[in-house]
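Okay, structure incoming, though there's no sequence with it:
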């Protein structure tokens, strides 16, 4: 019995070759779907302002588009992919809201402070922080991972959550939200992604602990644990042979498109989720996260 394509969807023929870091949207084959053509907003985030790290591509771009079409102004934080960031900002502005782009390394605490300062200065407020920036690279053994790469992954994936949250919290009013992108790797780690999986496990703990502190301020903290998602980060992390099979292990039989994750980030930022605090919600195509 074949699976319903409305659920499983057609698996795209992945012709992708491995691309160079940091990864750019135009190098992906097939292109990713960020919701450019089909996300429809209903004003759930009207009047709010959001900062999204890693907002130039992948999950971050999909969330930026969705937030904009729900009425939020968006600050797009990114490393150095200037063209992708500009394109994302234009999609945000087309929704009739304000967009700003800020390049730099979120693994640097001073940059995170400056990013929040600019966001508050340009948007006048900060209601939503999406800690989403990440880096991964596959290695066969812990013995093969360069020490500097281990440190970079920890700074980018984990310390950025500390630096961004510490900078943002003083500006966030009751009703604000922090949403952290963790991963199924937090629960089912791949040994070849050891440093990445380690940071995602730490983000899960960080989310649950910070949520207990900040609820007294009226700030809700939650996390999203994606499974396989078709993004530039994936295309730069794995060799061509693995890319051709990427996502096959999920029960749904394919990777998610970034657009399929964005509605969950909208829900967690909106008043519709006001009683959800300290949760990690999986969006994995059927693989359990606990």
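Perfect, I can see it now. Fair warning: this is a prediction, and the values are worked out from it, not measured in the lab. Numbers count the residues shown, from 1 in each chain.

any idea how far residue 178 is from residue 84?
Residue 84 sits 24 Å away from residue 178, going by Cβ to Cβ, to the nearest Å. (C-beta placed from N, C-alpha, C; glycine too.)

need the strands for the stretch 151-290 of the chain, in chain order.
177-181, 220-226, 280-283 (DSSP state E, counting those that start in this stretch).

Redo these as CSV? Include mean pLDDT and mean neighbour count.
Shown next, in CSV, are the strands of the stretch 151-290 of the chain (pLDDT from 0 to 100; neighbours: other Cβ atoms under 10 Å):
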stretch, mean pLDDT, mean neighbour count
strand 177-181, 98, 26
strand 220-226, 98, 25
strand 280-283, 97, 20
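
Those into a markdown table, with extra columns for distance to residue 198?
Shown next, in a markdown table, are those (distance: least, Cβ to Cβ, whole Å):
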| stretch | distance to residue 198 |
| --- | --- |
| strand 177-181 | 15 |
| strand 220-226 | 15 |
| strand 280-283 | 16 |
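
Out of the ones you listed, flag the one nearest residue 202.
Between residue 202 and the strands of the stretch 151-290 of the chain, the shortest separation by Cβ to Cβ is 10.5 Å, and it involves strand 177-181.

any low-confidence regions in the stretch 101-250 of the chain?
Applying pLDDT under 70 to the stretch 101-250 of the chain flags the ranges 237, 240.

ok, which stretches of it are helices?
Counting by DSSP state H, counting those that start in this stretch, one finds helices in the stretch 101-250 of the chain at the ranges 109-123, 147-153, 160-168, 194-214, 232-237, 240-244.

Relative to residue 53, which of these is closest?
Closest approach to residue 53 among those is made by helix 160-168 (6.4 Å; Cβ to Cβ).

Now do the same contact list for the residue most central in space within the chain.
In the chain, the centroid-proximal residue (Cα atoms, centre = their mean) is residue 132; its distance is 3.5 Å. Residue 132 makes contacts with 52, 53, 54, 55, 59, 60, 63, 180, 181, as judged by Cβ atoms under 8 Å, 6 or more residues apart in numbering.

Phi first, then psi, for the third one.
Per-residue torsions, residue 54: phi 60, psi 40 (degrees, to the nearest 10).

repeat for the first one
Comment: the main-chain dihedrals of residue 52 come out as phi -120, psi 120, following degrees, to the nearest 10.

Report the beta-bridge partners for the closest residue to it other than its chain neighbours.
Sequence neighbours aside, residue 130 is the residue nearest to residue 52 in space, at 4.4 Å (criterion: Cβ to Cβ, 6 or more residues apart in numbering). Counting by DSSP bridges, residue 130 is bridged to residue 52, residue 179.

I figured residue 130 was touching residue 66, is that so?
No - counting by Cβ atoms under 8 Å, residue 130 stays clear of residue 66, with 10.8 Å between them.

who touches both of those two?
Counting by Cβ under 8 Å, 6+ apart, the residues touching both residue 130 and residue 66 are residue 265.

how far away is residue 267 from residue 45?
Per Cβ to Cβ, residue 267 is found 11 Å from residue 45.

okay, now residue 151: neighbour count?
Using other Cβ atoms under 10 Å, residue 151 has 13 other residues around it.

do residue 108 as well
Neighbours around residue 108, by other Cβ under 10 Å: 16.

going forward can the numbers begin at 239, since that is how I track them
OK, 239 is where the count begins now, so the last one is residue 346.

any idea how far residue 312 is from residue 333?
Taken as Cβ to Cβ, the span from residue 333 to residue 312 is 9 Å.

Need the overlap of contacts for the two.
residue 306.
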